[in-house]
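Trainee: got a sequence here, can you build the structure:
(one chain, ligands or ions: 1)
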Amino acid sequence: MRVTMIGAGYVGLVSGACFADFGHDVTCVDKDANRIAALRRGEIPIFEPGLDQLVATNISQRRLQFSTEPTGIGEADAVFIAVGTPSRRGDGHADLSYIYSAVREIAPLLPPSAIVVTKSTVPVGTGDEIERILREARPDADMHVVSNPEFLREGAAIYDFKHPDRIVIGTDDARARSVIAEVYRPLYLNAAPILYVGRRTAELIKYAANAFLATKITFINEIADLCESVGADVQDVARGMGLDNRIGSKFLHAGPGFGGSCLPKDTMALIKTAHDYGAPVRIVETVAAVNEQRKRAMARKVVAALDGSIRGKTIAVLGLSFKPNTDDTRDSPSIPLITALHDLGATVRGYDPAAMEQAKLQLPGVVYCDSAYEAAEDAHALVIATEWEQFRALDLDRLRTIMQEPVIVDLRNIYRADEMARANFRYLTIGRPDAERKQGAAARRRKLGNGKATPSKELTGAL
Ligand code: UGA
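Mentor: Just a heads-up that it's a prediction; the model follows:
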């Protein structure tokens, strides 16, 4: 089949390359001439494991092309729209201007029976507006607009595309359904469930799914805080909950708060849509507010680990991307954390395996280092902010010799308390007070009161 993908950003590129890999003839179109030129040379503008190989293979087999113009769109069986829908400045609504201008631009070029598919995450009703624009531009044509949301995780996007939990096809039109089902045929043959629903329903499924994931994370994060107060272990609580099939074990890892380009933006957009329709989603509103506060408040843990003040001290932060296997720092919990550490008078030495360039744009005051060990040099505390694989097996003896104080604040719970105790580290975690107790932290607890670190006056004022 012939597929045109409008937008060669994250979603467009991954989806386009995977469709080509299914055997379709795919053209990815993007206005950014530098991006297209780089892609034609086989250079991938985003960090996504395996994507370079997939693109190179499909270019060489002539199934994947890149263009700044929608060439060939007149013969396309399906035209996917995968342009960005960032948060609109000021009000948090999804900014749909890129979508609508792309639709206006392609409208005169489309075949009369075009199937136009939105892959971008768009608020309920966007498909209706796209249809209206197309009808206005081409009153005699018989085009259909389908919602086909993506559920790709950054860092695992190719796997997710090829092994989807479900494929959602939102349209009531039988011809459109069969065209899109044909595009996904290789997955269909592998028995990936296809869900045929109405277009508005498909649009809402995407937001509801991301808002639910955000809620699950925030739920366990608050339980982690409670664990710290009552002396329970959040990892055991999560396991005990997750083994219940109705709950499930995924997305119950307590941490510094959810980040990235999707969950924060999509929860906010859902809240706005719900308000517009007079049906507020209060749970999601609370989730967004709790998560925002949490990210910056992580600095409190660092202050507690250093007995109440970090002024003039050096803190190493490992991990700047919002999660491992990506260079994406959008809404990364590391950013408010580092900003708070700076505000409290600390020097921050940072390291990330992939996200340093992105981080430099947002956090110019950090001392950027070439490795975890370089970042740890002379540090009074080391914070693990992102669970990159290479941070899971740090040489603790080496760290202890290069750091000023043996203090590790693990915001991703990737170490065992007993190994930290053996290596003589003071070890603070998320929701595992037991980890501290194992290290004979009784004296520190007495000082801080009730087993929970109390922020200094300096901190309470600042956070
Ligand atoms: C998310 C969804 O997982 C995808 O299904 C969806 O397609 C995508 O958004 C999107 O809308 O495009 P992504 O943003 O790549 O994917 O990242 P996630 O793996 O969902 O992680 C989001 C954040 O939650 C990260 O900061 C991560 O560290 C955090 N997280 C995740 C936790 O703190 N605990 C968990 O148990 C899981």
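Trainee: could you list the buried residues of stretch 355-365?
Mentor: Buried residues in stretch 355-365, counted by 16 or more other Cβ atoms under 10 Å: 355, 356, 358, 359, 362, 363. Yep, even glycine has a C-beta here, placed from its N, CA and C like the rest.
Trainee: repeat that for stretch 127-145.
Mentor: Buried-residue list, stretch 127-145, by 16+ other Cβ under 10 Å: 127, 129, 130, 131, 133, 134, 138, 143, 144, 145.
Trainee: now the two most distant members of those.
Mentor: Spanning the widest gap among the buried residues of stretch 127-145 are 127 and 138, at 16.3 Å by Cβ to Cβ.
Trainee: returning to what we had before: the ligand next: which of the buried residues of stretch 355-365 are close?
Mentor: Among those, not one lies near the ligand by Cβ under 6 Å from any ligand atom.
Trainee: from those, which is closest to residue 315?
Mentor: Checking the buried residues of stretch 355-365 against residue 315 by Cβ to Cβ gives residue 363 as the nearest, at 12.8 Å.
Trainee: please name the nearest non-neighbouring residue to the closest one.
Mentor: Leaving aside its sequence neighbours, residue 363 sits nearest to residue 338 (Cβ to Cβ, 6 or more residues apart in numbering; 5.5 Å).
Trainee: quick check: residues of the stretch 51-200 of the chain near the ligand?
Mentor: Residues of the stretch 51-200 of the chain lying near the ligand (Cβ under 6 Å from any ligand atom): 121, 150, 151, 152, 153, 154.
Trainee: and those residues as JSON lines, adding neighbour count and secondary structure?
Mentor: Converted to JSON lines, these look like this (neighbours: other Cβ atoms under 10 Å; DSSP: H, G, I helix; E, B strand; the rest coil):
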{"residue": "121", "neighbour count": "23", "secondary structure": "coil"}
{"residue": "150", "neighbour count": "22", "secondary structure": "coil"}
{"residue": "151", "neighbour count": "18", "secondary structure": "coil"}
{"residue": "152", "neighbour count": "20", "secondary structure": "coil"}
{"residue": "153", "neighbour count": "14", "secondary structure": "coil"}
{"residue": "154", "neighbour count": "24", "secondary structure": "coil"}
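Trainee: how near is the residue lying farthest from the centre of the chain to residue 116?
Mentor: In the chain, counting by Cα atoms, centre = their mean, residue 140 sits farthest out from the average C-alpha position, at 41.5 Å. Between residue 140 and residue 116 the computed distance is 16 Å (Cβ to Cβ, to the nearest Å).
Trainee: on that earlier part again, quick one: contacts for the nearest residue to the residue farthest from the centre of the chain once chain neighbours are set aside?
Mentor: Once flanking residues are discounted, residue 140 sits nearest to residue 112: 7.2 Å by Cβ to Cβ, 6+ apart. By Cβ atoms under 8 Å, 6 or more residues apart in numbering, residue 112 lies in contact with 138, 140, 141, 142, 143.
Trainee: count of neighbours near the nearest residue to the last one once chain neighbours are set aside?
Mentor: Read that as residue 143. Among residues not flanking residue 143 along the chain, residue 114 sits closest, at 4.5 Å (Cβ to Cβ, 6+ apart). Burial of residue 114 is recorded as 26 neighbouring residues (other Cβ atoms under 10 Å).
Trainee: quick one: residue 114 from the ligand, how far?
Mentor: Distance of residue 114 to the ligand, computed by Cβ to the nearest ligand atom, to the nearest Å: 25 Å.
Trainee: any idea how far the ligand is from the most centrally placed residue in the chain?
Mentor: Centroid check for the chain by Cα atoms, centre = their mean gives residue 260 as the closest residue, at 3.4 Å. Look at residue 260 and the ligand: by Cβ to the nearest ligand atom, they are 4 Å apart.
Trainee: backbone phi and psi for that residue, please?
Mentor: Backbone torsions for residue 260, taken as degrees, to the nearest 10, come to phi 100, psi -180.
Trainee: buried sites along the helix ranked longest in the chain?
Mentor: Ranked by residue count under DSSP state H, the longest helix found in the chain is helix 199-230. Residues of helix 199-230 classed as buried: 199-200, 202-207, 209-211, 213-225, 227-228 (neighbour count, 16+ other Cβ under 10 Å).
Trainee: could you do stretch 249-258 as well?
Mentor: In stretch 249-258, counting by 16+ other Cβ under 10 Å, buried: 251, 252, 253, 254, 255, 256, 257, 258.
Trainee: dump the residue contacts of residue 178.
Mentor: By Cβ under 8 Å, 6+ apart, residue 178 has no neighbours at all.
Trainee: that one falls within a strand, correct?
Mentor: No: Residue 178 is assigned helix when assessed by DSSP: H, G, I helix; E, B strand; the rest coil, not a strand.
Trainee: thank you, goodbye.
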